[in-house]
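**Student:** below: sequence and its predicted model.
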Amino acid sequence: MAFVDRNFWYNRRVFVTGHTGFKGAWFCSMLRSMGAVVIGYALAPSTDPSLHELLGHDDDIIADISDPERLRASLQEAAPEIVFHLAAQALVRDSYVDPVGTYRTNVVGTAALLDAVRATTSVRAVVCVTSDKCYRNEGWSWGYREIDALGGHDPYSASKAASEIVVSSMRASFFSSSASDPHPARIASARAGNVIGGGDWSANRLIPDIVRAVGSGNLTLRYPAATRPWQHVLDCVYAYTGLAERLIDEEGTALDTYNFGPEDEGARTVGDLSRLIAERLGDVTIQQETGVQALHEADLLRLDCSKARRELGWRPVWGFDQAIDATADWYTAFLAGANVSKLTRSQIDCFLDDAERT
């Protein structure tokens with residue numbers, strides 16, 4: 001049996017924060033492909049082009065996650081059964097430019113979302129998405145586990161650690177059987193690694209920078225030796241989807257926090273990933289900078305995902321090579337002027353079919 005049951009999602013009402021972002025746009029497309037009724041809530045797309053707009057998603061709510069009154073009213077009006085919280089300031093470098101805004105969005109926004117859920121009786125399950133960077137990075141060669149210490153050197157990482165603390169506290173205070181008047185919704189958090197895939201146009205992000213450099217010269221990498229757990233965005237959102245199913249179906253089971261990352265072969269250096277993508281896209285030269293880093297960034301980061309395998313029965317669907325192929329195919333089609341909305345739907349169908357075979 002597949003980790004995700006497509007029939008489960010037919011006509012389910014789902015509220016997704018951060019739907020205009022790269023990951024959110026893929027997520028909403030996958031949920032809609034399975035028949036879910038999706039209501040998105042986020043700021044307007046921050047990039048041009050935008051995957052959200054390329055896919056024609058234009059019927060959702062454009063608002064700030066840290067506006068508690070608007071968020072509460074929107075959630076109550078939508079009356080969803082399941083909530084996925086993806087809204088975030090997601091870039092490390094931007095967190096240095098605007099640390100207060102990063103904390104406001106990532107920490108206060110998470111508290112506002114869970115407080116709005118408290119006032120919405122229809123909600124039965126919430127998955128809060130944070131990041132592998134929520135762990136206090138010790139430079140270990142082995143993967144971080146859900147029981148390892150939280151922390152963060154940069155404001156982005158610290159905000160994700162703080163967001164996890166907010167989720168844990170709100171769950172214990174308002175959604176557990178020991179609360180004075182508990183809300184019945186079940187809350188879990190998901191920590192994923194670095195995602196790749198077509199349609200990411202964020203500034204200061206590796207693959208978008210490579211795509212922008214196609215035909216225009218060289219691209220210099222800031223941290224070519226840094227190792228990260230790379231996975232396709234569909235593997236990531238698929239894991240969130242299966243976790244939500246289990247929050248609904250497995251009543252009485254203690255589900256809380258899970259890492260979702262690639263197999264060990266998906267942990268590659270920035271330089272390796274860049275070379276493979278550049279070779280597929282062509283007409284771009286990658287240069288590797290070896291000087292002093294301007295901003296702190298961890299050299300090594302891996303996730304131990306054994307808890308999700310053991311308790312949820314989850315495993316990745318696409319390996320590193322498949323993730324590279326799908327990403328390169330998407331950008332190649334975009335640069336050639338092809339219909340990427342159709343290609344996106346095709347890749348989602350292919351992924352879901354592979355998941356059922358796996």
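**Tutor:** Good, I have the coordinates. Source: prediction; values computed, not measured.

**Student:** grab the nearest non-local neighbour of residue 68.
**Tutor:** Of all residues not flanking residue 68 in the chain, residue 112 sits nearest, at 4.4 Å (C-beta to C-beta, 6 or more residues apart in numbering). Glycine gets a C-beta too; all of them are placed from N, C-alpha and C.

**Student:** and residue 330, by the same measure?
**Tutor:** Nearest residue to residue 330 in three dimensions, chain neighbours excluded: residue 198, at 2.3 Å (C-beta to C-beta, 6+ apart).

**Student:** tell me what whichever strand or helix holds the residue nearest to residue 68 is packed against?
**Tutor:** Using DSSP states H and E, residue 112 sits within helix 109-118. Packed against helix 109-118 by the contact rule (3 or more C-beta pairs under 8 Å, 6 or more residues apart in numbering; DSSP states H and E) you find helix 68-78, strand 82-85, strand 125-129, helix 155-174.

**Student:** could these go into CSV alongside mean pLDDT, distance to residue 259 and mean neighbour count?
**Tutor:** Putting these into CSV (pLDDT from 0 to 100; distance: least, C-beta to C-beta, whole Å; neighbours: other C-beta atoms under 10 Å) gives the following:
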stretch, mean pLDDT, distance to residue 259, mean neighbour count
helix 68-78, 97, 27, 17
strand 82-85, 98, 17, 28
strand 125-129, 98, 12, 25
helix 155-174, 96, 12, 21
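
**Student:** now these as CSV including distance to residue 269?
**Tutor:** Output for these, formatted as CSV (distance: least, C-beta to C-beta, whole Å):
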stretch, distance to residue 269
helix 68-78, 39
strand 82-85, 31
strand 125-129, 25
helix 155-174, 20
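
**Student:** right, so of these, which gets closest to residue 91?
**Tutor:** Closest approach to residue 91 among those is made by helix 155-174 (6.9 Å; C-beta to C-beta).

**Student:** after that closest one, which helix or strand is next? Please name it.
**Tutor:** Moving toward the C-terminus from helix 155-174, the next helix or strand (DSSP H and E) is strand 186-192.

**Student:** show me the shaky parts of the stretch 1-150 of the chain.
**Tutor:** Counting by pLDDT under 70, the stretch 1-150 of the chain shows low-confidence ranges at 58-59.

**Student:** cutoff 90 now
**Tutor:** For the stretch 1-150 of the chain, the stretches flagged by pLDDT under 90 are 1-2, 46, 48, 56-60, 90-93, 137-142.

**Student:** all strands of the stretch 201-350 of the chain, in order?
**Tutor:** Using DSSP state E, counting those that start in this stretch, the strands found in the stretch 201-350 of the chain span residues 218-221, 227-232, 257-260, 267-269, 285-288.

**Student:** now do the buried residues in the shortest one.
**Tutor:** If you call a residue buried by 16 or more other C-beta atoms under 10 Å, then strand 267-269 has these buried ones: 267-269.
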